[in-house]
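A.B. asks: quick one, what's the 3D model for this:
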Amino acid sequence: MSRARQQAALWAARRLDAADRDDAAFETWKSADPTHAQAFDQVWRASQDPALAEAMRLSEQRRGVARGVGRWVALAGGIVACGLAAFAVWPQAQLMTVTPVVLQTAPGQQRVATLADGTRVTLDGATRLDVRLGTRRRQVELVRGEAFFDVAHDTGRPFTVKAPEGSARVLGTAFDLERGDGRLELSVRRGRVRLAPTGLIHRTAELTMGQRAFAKEGRLSAVRAFDLHADDWRSGWLETDGVTLARLVERLNRASATPIKIADPSLGRQRVVGRFRLDEPQALVRNLALMHGFTVRQTPDGLVLSR
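C.D. replies: Here you go, the predicted structure:
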């Protein structure tokens with residue numbers, strides 16, 4: 001590592017420590033050489049990554065670093081040790097400088113998009129993706145909804161889809177990823193995908209073709225098989241061996257231009273089983289009401305389900 005980057009790591013550590021900031025000395029160092037400002041900007045951007053910041057915090061806890069003159073020196077060592085130095089974090093730092101491409105759909109709308117790397121993405125209704133394609137990494141944030149990814153193979157640029165509940169990382173494959181009911185569900189159609197729940201110390205699972213699992217509250221479900229030949233939401237169907245009414249309504253709202261709400265939380269926990277047609281959501285909830293004994297009321301704001 002160059003001397004400028006070593007010094008930049010020290011200054012980044014000092015500025016992260018509000019008790020040990022010296023703005024005048026920092027500005028003097030930064031203006032002394034153009035490479036200083038460049039090195040600091042790279043390290044500072046990397047230090048703002050939440051996962052790396054958490055790694056620094058845990059590293060500092062393990063060291064039991066005392067406050068005082070030596071604290072920011074140890075923090076700088078922590079920055080380097082946790083991968084915040086420019087060489088180690090450059091792929092992530094570079095990725096964060098890429099302006100994301102936003103892909104989104106309205107309720108009841110589906111969209112197929114081809115990314116700049118050749119990856120094809122099918123978005124369900126009420127879905128949003130923020131896409132960043134960097135020189136060393138490709139990253140998509142699943143802000144809401146559900147999407148099917150047919151990822152272009154590129155061993156030099158791993159492809160990761162992130163959400164608050166966890167992440168899925170691949171090199172080249174086809175898979176479906178859905179956010180809903182506080183969980184992130186992965187269904188692999190081709191290839192191999194690693195599913196990781198949010199958190200630093202949790203087990204991960206590698207799923208292959210025909211396998212499904214979900215991450216929720218920092219944990220992974222059991223991996224189970226599903227029928228690769230069954231219709232899915234892309235053809236307007238959902239087939240399930242048991243899902244709560246709340247989760248079904250969440251999926252229907254991605255297909256319905258008319259919002260559907262559940263007035264009674266206990267009704268939302270009721271489980272339903274079957275093969276459901278998603279492109280006629282209002283007809284579906286009325287049929288379910290007849291089968292399961294609840295009512296459907298039309299209001300100016302949409303449909304309301306209650307007992």
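
A.B. asks: when you work out contacts or count neighbours from here on, use the C-alpha atoms and nothing else.
C.D. replies: Noted.

A.B. asks: which strands or helices does whichever strand or helix holds V249 pack on?
C.D. replies: In this structure, V249 sits in helix 245-255 according to DSSP states H and E. When contacts are defined as 3 or more CA pairs under 8 Å, 6 or more residues apart in numbering; DSSP states H and E, helix 245-255 packs onto strand 260-262, helix 265-268, helix 281-292.

A.B. asks: residues in contact with that helix?
C.D. replies: Here helix 245-255 makes contact (CA atoms under 8 Å, 6 or more residues apart in numbering) with 106-109, 124-127, 145, 180-181, 259-262, 267-272, 278-279, 281.

A.B. asks: so V43: helix, strand or coil?
C.D. replies: Secondary structure for V43, judged by DSSP: H, G, I helix; E, B strand; the rest coil, is helix.

A.B. asks: neighbours of it, just the number please.
C.D. replies: 29 (other CA atoms under 10 Å).

A.B. asks: in which helix or strand would I find the nearest residue to L186 once chain neighbours are set aside?
C.D. replies: Distances taken as CA to CA, 6 or more residues apart in numbering place L177 nearest to L186, at 4.8 Å, with adjacent residues excluded. Using DSSP H and E, the element containing L177 is strand 174-180.

A.B. asks: show residues contacting that strand.
C.D. replies: 142, 144-151, 163, 184-191, 247, 250.

A.B. asks: what do you get for stretch 233-244?
C.D. replies: With CA under 8 Å, 6+ apart as the test, stretch 233-244 has contacts from 122, 124, 230-232, 268-279.

A.B. asks: using PDB, list the CA coordinates for it.
C.D. replies: These are the backbone C-alpha positions of stretch 233-244, laid out as PDB (Å, rounded to 0.1, in the frame of the first residue of the first chain):
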ATOM      1  CA  TRP A 233     -46.100 -15.400 -11.500                       C
ATOM      2  CA  ARG A 234     -44.600 -14.600 -14.900                       C
ATOM      3  CA  SER A 235     -47.500 -16.600 -16.500                       C
ATOM      4  CA  GLY A 236     -50.100 -15.200 -14.100                       C
ATOM      5  CA  TRP A 237     -50.200 -18.100 -11.600                       C
ATOM      6  CA  LEU A 238     -49.200 -18.900  -8.000                       C
ATOM      7  CA  GLU A 239     -49.200 -22.500  -6.800                       C
ATOM      8  CA  THR A 240     -48.600 -23.200  -3.100                       C
ATOM      9  CA  ASP A 241     -49.100 -25.900  -0.600                       C
ATOM     10  CA  GLY A 242     -49.800 -23.400   2.100                       C
ATOM     11  CA  VAL A 243     -49.500 -19.600   2.400                       C
ATOM     12  CA  THR A 244     -51.000 -17.000   4.800                       C
END
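
A.B. asks: what comes up buried for that stretch?
C.D. replies: For stretch 233-244, the neighbour count (16 or more other CA atoms under 10 Å) marks W233, W237, L238, E239, T244 as buried.

A.B. asks: may I see the PyMOL selection of the buried members of the contacts of stretch 233-244?
C.D. replies: A single PyMOL command selects the buried members of these (16+ other CA under 10 Å):
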select buried, resi 122+124+232+268+272+276+277+278+279
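
A.B. asks: grab the nearest non-local neighbour of A225.
C.D. replies: Nearest residue to A225, sequence neighbours excluded (CA to CA, 6+ apart): Q211, at 4.5 Å.

A.B. asks: how close does the one you found get to V188?
C.D. replies: Distance of Q211 to V188, computed by CA to CA, to the nearest Å: 6 Å.

A.B. asks: neighbour count: these two, which is higher?
C.D. replies: More crowded of Q211 and V188, by other CA under 10 Å: V188, with 25 against 21.

A.B. asks: report the contact partners of the residue lying farthest from the centre of the chain.
C.D. replies: Most distant from the centre of the chain: A32, at 40.3 Å, with distances by CA atoms, centre = their mean. Under the criterion of CA under 8 Å, 6+ apart, A32 has no neighbours.

A.B. asks: quick check: the gap between it and A246.
C.D. replies: Distance from A32 to A246, by CA to CA: 60 Å.

A.B. asks: and stretch 186-204, C-alpha only, in PDB?
C.D. replies: Output in PDB follows, covering the C-alpha atoms of stretch 186-204 (Å, rounded to 0.1, in the frame of the first residue of the first chain):
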ATOM      1  CA  LEU A 186     -35.000 -17.400  -3.400                       C
ATOM      2  CA  SER A 187     -36.000 -19.900  -6.100                       C
ATOM      3  CA  VAL A 188     -33.200 -21.200  -8.300                       C
ATOM      4  CA  ARG A 189     -34.100 -22.100 -11.900                       C
ATOM      5  CA  ARG A 190     -30.600 -22.700 -13.200                       C
ATOM      6  CA  GLY A 191     -27.100 -22.700 -11.800                       C
ATOM      7  CA  ARG A 192     -26.100 -22.100  -8.200                       C
ATOM      8  CA  VAL A 193     -26.900 -19.200  -5.900                       C
ATOM      9  CA  ARG A 194     -25.700 -18.400  -2.400                       C
ATOM     10  CA  LEU A 195     -28.400 -17.100  -0.100                       C
ATOM     11  CA  ALA A 196     -27.100 -15.100   3.000                       C
ATOM     12  CA  PRO A 197     -29.300 -13.600   5.700                       C
ATOM     13  CA  THR A 198     -28.500 -10.100   7.000                       C
ATOM     14  CA  GLY A 199     -25.800 -10.100   9.600                       C
ATOM     15  CA  LEU A 200     -22.100 -10.900   9.900                       C
ATOM     16  CA  ILE A 201     -22.100 -14.300  11.600                       C
ATOM     17  CA  HIS A 202     -24.800 -16.400  10.100                       C
ATOM     18  CA  ARG A 203     -24.800 -19.600   8.100                       C
ATOM     19  CA  THR A 204     -25.400 -19.400   4.300                       C
END
